[in-house]
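1. Based on what follows, work out the 3D shape:
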Amino acid sequence: MSGGIDSTVTALLLHKQGYEVVGITMKTWDYAHTGGSKKETGCCNLDSFNDARAAAVHHGFPHFILDIREEFGDFVIRNFVDEYLAGRTPNPCVMCNTHIKWRALLKRADAMGCDYIATGHYAKIRPTEGGRYVVSRAIDETKDQSYVLWGLQQDLLSRTLLPLGGYRKSEIRHMAEEFGYPELAKKSESYEICFVPDNDYRGFLSRHVEGLEQQVAGGTFVDKSGRILGKHRGYPFYTVGQRKGLDITLGKPVYVTEIIPETNTVVLGDEEDLERSEMLVGKVNHIKYDQIPEGFEATIKIRYRDQGTAGTLGYDDAGNIRVHFLQHAKGVAPGQSAVFYEGDDVLGGGTIHRYRSGLPAFS
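-> Numbers count the residues shown, from 1 in each chain. Sure, this is the predicted structure:
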């Protein structure tokens, strides 16, 4: 229970349905140690804790705060920093769901004798005749969060309830009012990274890696042929697809098309230079099937808000998934998540591998 509308309505819906509910609020990070120019917001501030506890107390079920700051810092924040230093663009929400929140919550559920864990994510989970559990898109396409759940393994999915997947956000707001929480229906939602509340990841990196700006200063912008175009402030401060904030004038809009950390080089190009016909995806988690048939045609999402691109899937000798897009995909960013869909069902997902200069990581 974050104190927001979705997790609160989830808890109250389950309570109304007769489940014996225990509310858990996770403290994942400490604002005092992350810094930034914006006040603490989101799910880890005292007001949110109090809102969650108040709802639980009012409806007669227990509430606890689970401190997972150490685990979160050791994995999610460290991974976030390491990925940028490796020239990749991380997806901390996916990493947090996959490696921290579900596992930590399930451990607490086991200790308390709970059968299931539940969250306010907009997605669905169902069992199949073959005994596997499948994640699928929520009814409300504008709120669907199946993309960020690709890393959940079968033992987690088998014990997870996602009550909101069958509702639209407007219905959830109406339920909040019916439950007596009209203020939740009006509460603003944060789409920022929780531990970077000012949305300045560059400042975050500078604060967490001593001397980083001096270490990476003086790198070069080049075009796709290798011609030097100018200097930049350091490769970790750029992401594939970035157009604004490059501080270079070339007489036309240009985009970051590749990042080469070994030489502190950032490649710039035209919008069409962001298009890719293939990519390699590693750290794969299979959900719907234990193995995807060679040449299977799927819809591939490479960003949370991506509409998806049709492509065929296969494997390389190391078990990575090779994706061949039937139409070019734009802005494939190493480090981001690629999620494969069969209709509304999640086949699985993984992490996009980086590219060689101008080419995918395989030929």
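2. okay, CA-based contacts and neighbour counts for the rest of this
-> Fine.
3. Partner strands of the longest strand seen in the chain and their direction?
-> Scanning the chain for the strand with the most residues, using DSSP state E, yields strand 275-286. Here strand 275-286 is paired, per DSSP bridges, with strand 321-330 (antiparallel), strand 345-352 (antiparallel).
4. buried stuff in the first one?
-> If you call a residue buried by 16 or more other C-alpha atoms under 10 Å, then strand 321-330 has these buried ones: Ile321, Arg322, Val323, His324, Phe325, His328, Ala329, Lys330.
5. Correct me if wrong: the fourth one contacts Thr312.
-> Yes. Checked against C-alpha atoms under 8 Å, the pair His324 and Thr312 is within contact range at 5.3 Å.
6. Compute the first-to-last residue distance for stretch 195-212.
-> Terminal residues of stretch 195-212 are spaced 19 Å apart (C-alpha to C-alpha, to the nearest Å).
7. buried sites along it?
-> For stretch 195-212, by 16+ other C-alpha under 10 Å, it's Phe195, Val196, Pro197, Asp198, Asn199, Tyr201, Gly203, Phe204, Leu205, Ser206, Arg207.
8. And for stretch 176-183?
-> By neighbour count on 16+ other C-alpha under 10 Å, the buried set for stretch 176-183 is Ala176, Glu177, Tyr181.
9. Quick check: mean pLDDT of that stretch?
-> Average pLDDT, stretch 176-183: 91.
10. Provide the contact partners of it at residue level.
-> Residues outside stretch 176-183 that contact it (C-alpha atoms under 8 Å, 6 or more residues apart in numbering) are Ile5, Val9, Leu12, Leu184, Ala185.
11. How about stretch 253-272?
-> Taking C-alpha under 8 Å, 6+ apart as the rule, stretch 253-272 contacts 85-88, 216, 219-224, 226, 234-236, 238-243, 273-274, 330-331, 355, 357-358.
12. Now the buried members of those.
-> 85-88, 216, 219-224, 234-236, 238-241, 243, 273-274, 330-331, 355.
13. Mind checking which of those residues are in strands?
-> Per DSSP E, strands hold the following members of the buried ones among the contacts of stretch 253-272: Gly219, Thr220, Phe221, Val222, Lys330.
14. what secondary structure does the closest residue in space to the second one that isn't next to it in sequence sit in?
-> On the basis of C-alpha to C-alpha, 6 or more residues apart in numbering, the spatially nearest residue to Thr220 that is not a chain neighbour turns out to be Lys231, at 4.5 Å. Using DSSP: H, G, I helix; E, B strand; the rest coil as the criterion, the local structure at Lys231 reads strand.
15. how close does Lys231 sit to Ile248?
-> Using C-alpha to C-alpha, Lys231 is found at 8 Å from Ile248.
16. higher neighbour count, those two?
-> More crowded of Lys231 and Ile248, by other C-alpha atoms under 10 Å: Lys231, with 17 against 14.
17. Tell me who's in contact with that one.
-> Per C-alpha under 8 Å, 6+ apart, neighbours of Lys231: Gly218, Gly219, Thr220, Phe221.
18. Would you mark the buried spots in stretch 107-117?
-> Applying a neighbour-count criterion of 16+ other C-alpha under 10 Å, one finds Ala109, Tyr116, Ile117 buried in stretch 107-117.
19. The second one against Ala109, yeah?
-> Yes. Counting by C-alpha under 8 Å, Tyr116 does reach Ala109; the two are 7.2 Å apart.
20. just the strands in the stretch 101-250 of the chain please.
-> 117-118, 123-127, 133-137, 160-161, 219-222, 228-232 (DSSP state E, counting those that start in this stretch).
21. In the sheet, which strands lie alongside the first one, parallel or antiparallel?
-> With DSSP bridges as the test, strand 117-118 is paired with strand 160-161 (parallel).
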